[in-house]
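Asker: have a look; sequence and predicted model below, questions after that.
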Amino acid sequence: MTTMLPTLTQLLAEYERALAHTDSLWEDLTEEEVYWRPHENSSAIGWHLGHQPVVAHFMVRNLTAAEPSIDERFDSMMDAATIESKRDPLPPLHLIRSFRDDVAKRVRFRVGNINRGHVQAPTQLRSIATLMMTSIINHEYQHSKWIGEVRSDQFKKDLPEDPQSDLLSSIDGYPVIDLSQLPR
């Protein structure tokens, strides 16, 4: 039997939901809260906010588009391979916001082109983009969970409701698109 994978249109909508959920976790925080770290071997909320789009754009540009980096400084600092003690000082918050927005535009553009068939090998790229978008969305929600934990535990701020979608399941408390649980 074949699993009914979500369409790229559904995944783009879920991507928007994931981005909005992340924004709901940090946009009312102060800059000091976004940059707070309990010690040098930890990551600030701001690092997670930069890491999420770095990974998304890396996947898009390496799996589907061969486009250049938007900002190599972000790529280097926000790479998970960069040890935590080297994840500081973070760029100004307005640059993190702008970077997140720029990457989201690139994701929408590239995946939109794939969805419309405006690429070479459209069926093959649609297959790649479906799994890529699932991974990008799951990664966005993964780091949002951690941002939410700092928001709640450290700053005693209320959490928004968990995102709701027919595509989402919960695994170990994380919202995810679990492809193994989709209808067959």
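Answerer: Nice, thanks for sending it over. Residues are numbered from 1 along each chain as shown.

Asker: ok, which stretches of this structure are strands?
Answerer: Remark: strands assigned in the chain by DSSP state E are 168-171, 174-177.

Asker: list the buried residues in the first one.
Answerer: For strand 168-171, the neighbour count (16 or more other C-beta atoms under 10 Å) marks residue 168 as buried. The way it works is simple: take the backbone N, C-alpha and C, and place the C-beta from them, glycine included.

Asker: that one: partners in the sheet, and parallel or antiparallel?
Answerer: When sheet partners are counted by DSSP bridges, strand 168-171 sits next to strand 174-177 (antiparallel).

Asker: so how far is the partner strand off the chain centroid?
Answerer: 12 Å (C-alpha atoms, centre = their mean, to the nearest Å).

Asker: in that strand, what counts as buried?
Answerer: Buried residues in strand 174-177 (16+ other C-beta under 10 Å): 175-177.

Asker: ok, stretch 11-25 next?
Answerer: 11-12, 14-15, 17-19, 21-22, 24-25.

Asker: rewinding a little: could I get the strands of the chain as a markdown table with mean pLDDT?
Answerer: Shown next, in a markdown table, are those (pLDDT from 0 to 100):
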| stretch | mean pLDDT |
| --- | --- |
| strand 168-171 | 94 |
| strand 174-177 | 96 |
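
Asker: with respect to residue 30, which of the ones you listed lies nearest?
Answerer: For those, the distance to residue 30 is smallest for strand 174-177, at 26.0 Å, taking C-beta to C-beta.

Asker: list the contacts of the closest one.
Answerer: 6, 11, 14, 134, 137-138, 141-142, 145, 162-163, 167-170 (C-beta atoms under 8 Å, 6 or more residues apart in numbering).

Asker: could you list every helix and strand in contact with the longest helix anywhere in the chain?
Answerer: Taking DSSP state H as the criterion, the chain has its longest helix at helix 122-153. Here helix 122-153 touches helix 8-26, helix 45-60, helix 93-116, strand 174-177, going by 3 or more C-beta pairs under 8 Å, 6 or more residues apart in numbering; DSSP states H and E.

Asker: residue 148 and residue 112, how far apart?
Answerer: 29 Å (C-beta to C-beta, to the nearest Å).

Asker: ignore what I typed, I meant residue 91.
Answerer: Note on residue 91: its distance to residue 112, by C-beta to C-beta, is 28 Å.

Asker: dump the residue contacts of the spatially most central residue of the chain.
Answerer: Geometric centre of the chain, nearest residue: residue 140, 2.9 Å, by C-alpha atoms, centre = their mean. Residue 140 sits next to 15, 18-19, 21-22, 52, 56 when contact means C-beta under 8 Å, 6+ apart.

Asker: surely residue 85 and residue 39 touch.
Answerer: No. Assessed by C-beta atoms under 8 Å, residue 85 is found out of contact with residue 39, at 9.2 Å.

Asker: good, we can wrap up now.
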